[in-house]
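Chemist: task: produce atomic coordinates for the following.
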Amino acid sequence: MRIAEGYIIEFDAEMANTRRILELVPEALLDYRPHPKSMNMARLAGHIAEMGAWGTSTAKLDSLDISPVDGPAFEPYVAEKSSDLLDFFDKATAGAREAVLELSDEAMVKPWTLMRAGQELFTMPRIAVLRTMILSHIIHHRAQLGVYLRINDIPIPGMYGPSADDAPPS
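Modeler: Predicted coordinates for the structure are as follows:
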C-alpha cells in the first residue's frame, strides 16, 4: 500500500466525523463565541472547512507563503450559511483527497515548507504536514466546535464510540 492510500483511510474516516459535526452548526448561532478571545462559530466552522483546501495546497505545492510580500495574503473562510459551509467543506475535502492520492511515496516524504512574508515557519516531510497541520489540526478544532455546540445544548454524536448524547443500546 502506498503512503497516500494509508493516509486516505484515516482522512476519509475523520472527514466523515467532521462533516457530522459541521452539519450541526446552526445559522442562528454563527456569531456565538464562548469567550471574547475565542473565534465565533462562523469562523471556527469555516476554519475547519477550509483546511481541506490546505490539503490540496500541501499535495500540489512544495511550499506555501500565507502572506507573500508581493501578493495577497491568505483570506480566512467565514461561514455565512450552514449550507454554504457544508458545500465548501465537501469541495475542499474532495479536492484534497484527489490531490493526495496522486502523490507517490517519494512525494509524500519530500520536504514541504510553510512561509509567511518570505520567512520560513517550518519545513517537514509532506506526510507530516498532512498528518499534523491538516488532519490533527481539523480534529483539534472539531473538538473545540463540539464544545461550542454542547454549551448551546446541541447534542453531539460520538466520533470514536458513543457520546453522552447517543441513546444507549436497547
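
Chemist: for stretch 84-97, what does the pLDDT average out to?
Modeler: Averaged over stretch 84-97, pLDDT sits at 96.

Chemist: buried sites along it?
Modeler: 85-86, 88-89, 92-93, 95-97 (16 or more other Cβ atoms under 10 Å). Bear in mind the C-beta positions are built from the backbone N, C-alpha and C, glycine included.

Chemist: where do the helices sit along this structure?
Modeler: Counting by DSSP state H, the segments of the chain that form helices are 3-22, 41-60, 82-101, 105-109, 126-128, 137-151.

Chemist: so how far is the third one off the chain centroid?
Modeler: In this view, helix 82-101 has its centroid 10 Å away from the chain centroid, taken as Cα atoms, centre = their mean, to the nearest Å.

Chemist: who are the packing partners of it?
Modeler: If contacts are counted by 3 or more Cβ pairs under 8 Å, 6 or more residues apart in numbering; DSSP states H and E, helix 82-101 sits against helix 3-22, helix 41-60.

Chemist: of those helices, which is nearest Asp31?
Modeler: Of all the helices and strands packed on helix 82-101, it is helix 41-60 that lies closest to Asp31, at 6.8 Å by Cβ to Cβ.

Chemist: got the angle between the closest one and helix 137-151?
Modeler: Inter-element angle recorded for helix 41-60 and helix 137-151: 170 degrees (by axes from the mean of the first three to the mean of the last three Cα atoms, to 10 degrees).

Chemist: which of the residues in helix 41-60 are buried?
Modeler: Neighbour counts using 16+ other Cβ under 10 Å place 41-59 of helix 41-60 among the buried residues.

Chemist: same question for stretch 152-169.
Modeler: 156, 159.

Chemist: what do you get for stretch 133-153?
Modeler: Taking 16+ other Cβ under 10 Å as the criterion, stretch 133-153 shows 133-135, 138, 141-142, 145-146, 148-149 as buried.

Chemist: for Arg20, which non-adjacent residue is spatially closest?
Modeler: Pro157 (5.3 Å; Cβ to Cβ, 6 or more residues apart in numbering).

Chemist: closest one to Ala79 among the helices and strands packed on helix 82-101?
Modeler: For the helices and strands packed on helix 82-101, proximity to Ala79 was assessed by Cβ to Cβ; helix 41-60 is nearest, at 4.5 Å.

Chemist: by contact count, what packs against that closest one?
Modeler: The contact analysis (3+ Cβ pairs under 8 Å, 6+ apart) places helix 41-60 against helix 3-22, helix 82-101, helix 137-151.

Chemist: now those helices as TSV including distance to Arg116?
Modeler: Supplementary listing: the helices and strands packed on helix 41-60 in TSV, determined by distance: least, Cβ to Cβ, whole Å:
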stretch	distance to Arg116
helix 3-22	26
helix 82-101	21
helix 137-151	16
